[in-house]
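Peer 1: Pasted the sequence and its predicted model underneath.
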Amino acid sequence: MLPQEVLLTNEGLGLLRDSYQNLAGKTDEIVARAADFVQRNKVQGLLVTGGFVTLFNPGLEARVADAVGIPVTSAVSSVVAALRALSSKRLLLVTPFAADMNAVIAKHLESDGFAVFFGPAFDKDRRPGAGVDIEPDDLLRKVEDSFRQNPSAEAIYFQGATLDPLPIIQKLEDSLNVPVVTSNTAMIWNILSKLSLRFAIAGYGKLLSSWPRPAFSD
C-alpha cells in the first residue's frame with residue numbers, strides 16, 4: 001500500500017492488557033514516549049495508531065503534536081477527515097470489537113455529525129487485540145450482507161486492523177459503489193497530506209486512488 005518514497009517505522013506502546021479501558025489515562029506516558037520515538041528515529045510525521053488510544057485520552061493528538069513539533073495524525077480523527085473529504089455522512093461501522101466498544105466509537109462519530117450503522121458482529125469473547133479468524137472472502141460477504149441491510153449508508157468504515165480489511169477494500173467498493181475507509185488507509189492519506197505530499201495508489205479504494213484534499217489544506 002505504501003509508495004516507494006515512503007518509509008514507515010513502527011513501535012508498539014504495549015499498553016493493552018485485558019481491556020481497551022487499559023488505555024485510558026495514559027496521555028502523559030504516550031506523549032513522553034512519542035517525543036522519545038521522534039528523537040530516536042528522526043521521522044517527518046507521526047501516526048498515533050489504535051482508535052481507543054485517542055478516544056480514551058481526549059486531547060492526546062494535540063498534546064503529542066505540541067511535544068514532537070511535526071505533523072501528527074491518529075486513527076479516528078483521520079477517518080473523520082477522510083469521510084468529510086469524500087462527502088460521506090452516513091456510514092456502516094465494521095469492527096472486531098464488542099458492542100460496548102463499538103458504542104464508544106459511534107458516540108464520538110455521532111458527536112461529529114455522522115449517522116452510524118453497525119456492521120456484522122464477531123466473537124464477543126475474543127481477547128482485545130487478538131486477530132479475527134476469518135478469511136477475506138468470508139469477511140467480504142459478511143460486510144456486503146450487512147451493508148445491504150442498511151441501504152442508506154454512504155460509506156463503510158473499518159476500525160481495528162485485526163480484521164485485515166486491506167485485501168477486500170477495492171472489491172467492496174466495486175461491489176457496493178460506496179467508498180471504503182479503514183483507519184490505516186485514512187492515517188496514511190492524512191499524514192502524507194499534512195506533509196504536502198499527494199499520491200495515486202491503486203487497489204485500496206477511492207481515498208488513496210483519488211487522494212481528495214483534506215479540509216486543513218483548503
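Peer 2: Received it, and whenever you're ready, just let me know what you need.
Peer 1: Helix, strand, or coil at Asp137?
Peer 2: Assigned by DSSP: H, G, I helix; E, B strand; the rest coil, the conformation of Asp137 is helix.
Peer 1: distance of it from Asp100?
Peer 2: Using C-beta to C-beta, to the nearest Å, Asp137 is found at 29 Å from Asp100. Quick note: C-beta positions are derived from backbone N, CA and C, even for glycine.
Peer 1: and what of Arg40?
Peer 2: Arg40 sits 36 Å away from Asp100, going by C-beta to C-beta.
Peer 1: Mind giving me the packing neighbours of the helix ranked longest in the chain?
Peer 2: Criterion DSSP state H: the longest helix present in the chain is helix 27-41. Counting contacts by 3 or more C-beta pairs under 8 Å, 6 or more residues apart in numbering; DSSP states H and E, helix 27-41 packs against strand 46-48, helix 60-68.
Peer 1: So for the shortest one, mean pLDDT?
Peer 2: Per-residue pLDDT over strand 46-48 has a mean of 97.
Peer 1: go on, the longest one?
Peer 2: Helix 60-68 shows an average pLDDT of 97 in the prediction.
Peer 1: That one packs against which elements?
Peer 2: helix 27-41, strand 46-48, helix 51-55, strand 72-74.
Peer 1: Let me know the angle separating that helix from helix 27-41.
Peer 2: 40 degrees (axes from the mean of the first three to the mean of the last three C-alpha atoms, to 10 degrees).
Peer 1: Over to Leu93. Which of the three states is it?
Peer 2: Looking at Leu93 with three-state DSSP, the answer is strand.
Peer 1: ok so, going back, deepest in the core, which of the helices and strands packed on helix 27-41 is it.
Peer 2: strand 46-48 (a mean of 22; mean count of other C-beta atoms under 10 Å).
Peer 1: Ok, which of the helices and strands packed on helix 27-41 comes nearest Glu144?
Peer 2: strand 46-48 (29.2 Å; C-beta to C-beta).
Peer 1: And for Arg198, the neighbour number?
Peer 2: 12 (other C-beta atoms under 10 Å).
Peer 1: now this protein, which segments are flagged as low pLDDT?
Peer 2: Where the chain drops to pLDDT under 70, the residues are 123-131, 216-218.
Peer 1: Let's check: the centremost residue of it is which one?
Peer 2: When C-alpha atoms, centre = their mean is applied to the chain, the residue found nearest the centroid is Ser183 (1.5 Å).
Peer 1: Please verify my assumption that it contacts Val80.
Peer 2: No - look at Ser183 against Val80 with C-beta atoms under 8 Å: they stay out of range, at 10.8 Å.
Peer 1: returning to that earlier point: could you redo the helices and strands packed on helix 27-41 as JSON lines and give each row distance to Trp211?
Peer 2: Formatted as JSON lines, these follow (distance: least, C-beta to C-beta, whole Å):
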{"stretch": "strand 46-48", "distance to Trp211": "17"}
{"stretch": "helix 60-68", "distance to Trp211": "22"}
